[in-house]
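Visitor: With the sequence up front, the predicted model follows.
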Amino acid sequence: MIEFFDRNGSEAAFCHDGQSLYLWNGRPAAFIHDDKVYAYDGRFIGWADRGWISDEDGACLLFEHDAVGGPQKPKRQGKSSPGPRGAKPQRGEARPAPARPTAIPAWSDRVFSDLI
């Protein structure tokens, strides 16, 4: 299981299969296809690369413990067990992604859970 943390070091999301992202409470959040992250309705959210989930502008939203590059990672907060995985909704047709921006070594002003 891959665990993702936010800019505060709090548990935010997890992934069991390299494709499906769940919020820490177990709610299905998004899916990864070709390093692109989409909400289940097909909206483009951002990018997955080198252990980071970044927004459409290339600023960092989430990180896994061994993420490479990016902004300073905060100390991870106390860890709890993730919630049970909810049933994944049907995937909408993935909308076109914008041109990939240069990765920004900074945190996004956006919150991952607000994008889904």
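Guide: Everything's here; your move.
Visitor: Only C-alpha atoms from now on, for both contacts and neighbour counts.
Guide: OK.
Visitor: you'd agree residue 9 is up against residue 79?
Guide: No. Contact criterion CA atoms under 8 Å: residue 9 and residue 79 do not qualify, at 9.9 Å.
Visitor: These two - which one has more neighbours?
Guide: residue 9 (18 against 9; other CA atoms under 10 Å).
Visitor: Return the distance of the closest residue to that one other than its chain neighbours relative to residue 29.
Guide: Excluding the flanking residues, the one nearest residue 9 by CA to CA, 6 or more residues apart in numbering is residue 76, at 4.1 Å. Here the criterion is CA to CA, to the nearest Å. By it, residue 76 lies 21 Å from residue 29.
Visitor: which of those two has more neighbours?
Guide: Using other CA under 10 Å, the more surrounded residue of residue 76 and residue 29 is residue 29, with 22 against 14.
Visitor: next one: phi and psi at the closest residue to the more buried one other than its chain neighbours?
Guide: Leaving out its chain neighbours, the residue that sits closest to residue 29 by CA to CA, 6+ apart is residue 22, at 4.8 Å. When read as degrees, to the nearest 10, the backbone of residue 22 gives phi -120, psi 140.
Visitor: what's the answer for residue 113, then?
Guide: phi -60, psi -20.
Visitor: hang on, isn't it packed against residue 25?
Guide: No. With contact defined as CA under 8 Å, residue 113 and residue 25 do not form a contacting pair (11.1 Å).
Visitor: what touches both of the two?
Guide: With CA atoms under 8 Å, 6 or more residues apart in numbering applied, the contact sets of residue 113 and residue 25 do not overlap.
Visitor: These two: who's more crowded?
Guide: residue 25 (16 against 13).
Visitor: Spit out the contact partners of the residue nearest the centre of the chain.
Guide: With distances taken as CA atoms, centre = their mean, the residue of the chain nearest its centroid is residue 53 (4.3 Å). Going by CA under 8 Å, 6+ apart, residue 53 touches 37, 46-47, 60-63.
Visitor: give me the element it is part of.
Guide: strand 52-55 (DSSP states H and E).
Visitor: hey, C-alpha coordinates of that strand in CSV?
Guide: What follows is strand 52-55, C-alpha atoms only, in CSV (Å, rounded to 0.1, in the frame of the first residue of the first chain):
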residue,chain,number,x,y,z
TRP,A,52,4.3,13.2,-5.6
ILE,A,53,0.8,14.0,-6.7
SER,A,54,0.8,17.5,-8.1
ASP,A,55,-1.9,19.8,-9.3
